[in-house]
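> I'd like to go over a predicted model; first the sequence, then the structure.
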Amino acid sequence: MRHAIEVRGLVKAFGDVRALDGVDLTAPAGSVLGVLGPNGAGKTTAVRILSTLTHPDAGTARVLGLDVVAKADEVRDRIGLTGQYAGLDENLTGEQNLVLIARLLGASRPQAKARAAELLERFDLVHAASRPAGKYSGGMRRRLDLAASVVRRPEVLFLDEPTTGLDPKSRGGLWDVVRDLVAEGTTVLLTTQYLEEADQLADSIAVIDAGRVIASGAPAELKRMVGGLVLRMRPVRPEALPQLVVLADGTIGAAAKIEEGEAVVPVAHAGEATAVMSRVTQAGVDLASFGLDEPTLDEVFLTLTGHRAESNDEKEEVAA
Ligand SMILES: Nc1ncnc2c1ncn2[C@@H]1O[C@H](COP(=O)(O)OP(=O)(O)OP(=O)(O)O)[C@@H](O)[C@H]1O
Ligand SMILES: [Mg+2]
């Protein structure tokens, strides 16, 4: 099947900041592409170009086979975007906002009311339907914004950090809604700083940092790229932690660390974990628990970029 999103060599500079420095992205129709990166990586800039709000300086971007610069109007008719695009009216109620958007898109009054009711139900906003949008909480507002962006059932939906700042329940609810849309055939490009979110939703992930794609692939492929497994051991007596580290290092030459009451040992395969465990048993160290884990995407990110995805300290860029 044709790619719903195809980006080649995209460049966008603001003064001497190269927000995008030759980005390639592809998403097959009906898939979820996660674009993962820290503050200032270029995520919003990429979404703004793909949704026709900004022009690239170089490179090409096609959505549904249409060039986003040459065919901007056609692209706009077929996509949804959360954020500024939807243009919610603070004084209108949630329901009135959705009805108005549906009417602007050409629906009859009964059709518009039916679509609004359906969306309010789906986004868990029925109880707030007759409250002005300006009085919604952050999470409700985010859901109304998403509802507004799908009034027209977009073929491609762009979600720029849809769950930043939401509580875990609202975040899970939003993930469900995204999964429903994908099940109906919508292609989704989702930017996020949350590795778990990309892991949960995305079929493939592009990790971007400083305007470049530094890694891409399915979540499992990215994890494999970093390689290895992690053996975690929690001793009955916390004083035994340094001894566990010494035993692990002595057995397989691993660079073991202590993290939150556990000895964390990177191992290349399960056999190394077994070797460490039998050495620990011989030494007579009692373990309260142990386990063998795949690396988390957080560890993947750290390995690839040298800094953590959710750390905002090093950069001072203002979100666009
Ligand atoms: N309109 C603009 N004018 C000047 N610089 C900009 C503009 N928009 C973005 N930038 C710069 O481009 C770079 C990428 O910004 P962008 O907003 O795309 O990052 P982001 O990945 O979306 O970050 P965040 O996670 O903070 O939303 C940053 O250095 C930013 O300061
Ligand atoms: Mg952004």
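All right, it came through fine. Numbers count the residues shown, from 1 in each chain. Ligands and ions are numbered 1, 2, ... in the order given.
> quick one: the helices in the stretch 151-300 of the chain, in order.
Per DSSP state H, counting those that start in this stretch, the stretch 151-300 of the chain carries helices over the ranges 168-183, 195-201, 219-226, 241-252, 270-282, 297-305.
> mind putting the ones you listed in CSV, mean neighbour count and distance to Ala41 included?
To be clear about C-beta, it is placed using only N, CA and C from the backbone, and glycine gets the same treatment. Below are these laid out as CSV (neighbours: other Cβ atoms under 10 Å; distance: least, Cβ to Cβ, whole Å):
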stretch, mean neighbour count, distance to Ala41
helix 168-183, 16, 21
helix 195-201, 21, 13
helix 219-226, 17, 16
helix 241-252, 18, 34
helix 270-282, 16, 35
helix 297-305, 19, 9
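> and the ones you listed as a markdown table, adding distance to Asp21?
Output for the helices of the stretch 151-300 of the chain, formatted as a markdown table (distance: least, Cβ to Cβ, whole Å):
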| stretch | distance to Asp21 |
| --- | --- |
| helix 168-183 | 29 |
| helix 195-201 | 21 |
| helix 219-226 | 21 |
| helix 241-252 | 40 |
| helix 270-282 | 39 |
| helix 297-305 | 15 |
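> right, so of the ones you listed, which gets closest to Val213?
Comparing the helices of the stretch 151-300 of the chain against Val213 with Cβ to Cβ, the closest turns out to be helix 297-305 (10.7 Å).
> where does the stretch 1-150 of the chain have low pLDDT?
Scanning the stretch 1-150 of the chain for pLDDT under 70 picks out the ranges 1, 83-86.
> so which bits of it are right by ligand 2?
Lys43, Thr44 (Cβ under 5 Å from the ion).
> where do the strands of the stretch 1-150 of the chain begin and end?
3-14, 17-28, 32-36, 58-63, 66-67, 79-81 (DSSP state E, counting those that start in this stretch).
> winner for burial among those strands?
strand 32-36 (a mean of 27; mean count of other Cβ atoms under 10 Å).
> tell me the predicted confidence for Pro295.
pLDDT for Pro295: 68.
> quick revisit: out of the helices of the stretch 151-300 of the chain, point me to the one whose mean pLDDT is lowest.
helix 297-305 (a mean of 70).
> near the residue of the chain found nearest ligand 2, how many other residues are there?
Per Cβ to the ion, Thr44 is where the chain lies closest to ligand 2, at 3.1 Å. Other residues lying near Thr44 total 19 when counted by other Cβ atoms under 10 Å.
> what about the residue positioned nearest the centre of the chain, distance to Glu184?
Nearest to the mean C-alpha position of the chain, by Cα atoms, centre = their mean, lies Thr192 at 3.4 Å. For Thr192, the distance to Glu184 (Cβ to Cβ, to the nearest Å) stands at 21 Å.
> can you tell me how far the residue nearest to Ala117 when sequence neighbours are not counted is from Asp199?
If the residues on either side of it in the chain are set aside, Ala117 comes closest to Glu95, at 7.8 Å by Cβ to Cβ, 6 or more residues apart in numbering. As for Glu95, its distance to Asp199 is 35 Å (criterion: Cβ to Cβ).
> do the same with Asp57
32 Å.
> and what of Asp249?
With Cβ to Cβ as the criterion, Asp249 and Asp199 are 30 Å apart.
> next: Leu88.
On the measure of Cβ to Cβ, Leu88 and Asp199 end up 30 Å apart.
> those residues of the stretch 51-200 of the chain touching ligand 1, which are they?
Gln193 (Cβ under 6 Å from any ligand atom).
> still on that earlier bit, out of the helices of the stretch 151-300 of the chain, nearest to Pro38?
For Pro38, the closest of those is helix 297-305, at 7.4 Å, according to Cβ to Cβ.
> okay, now the residue in the stretch 151-300 of the chain positioned nearest to ligand 1: neighbour count?
Across the stretch 151-300 of the chain, the shortest distance to ligand 1 (Cβ to the nearest ligand atom) belongs to Gln193, at 5.8 Å. Burial of Gln193 is recorded as 21 neighbouring residues (other Cβ under 10 Å).
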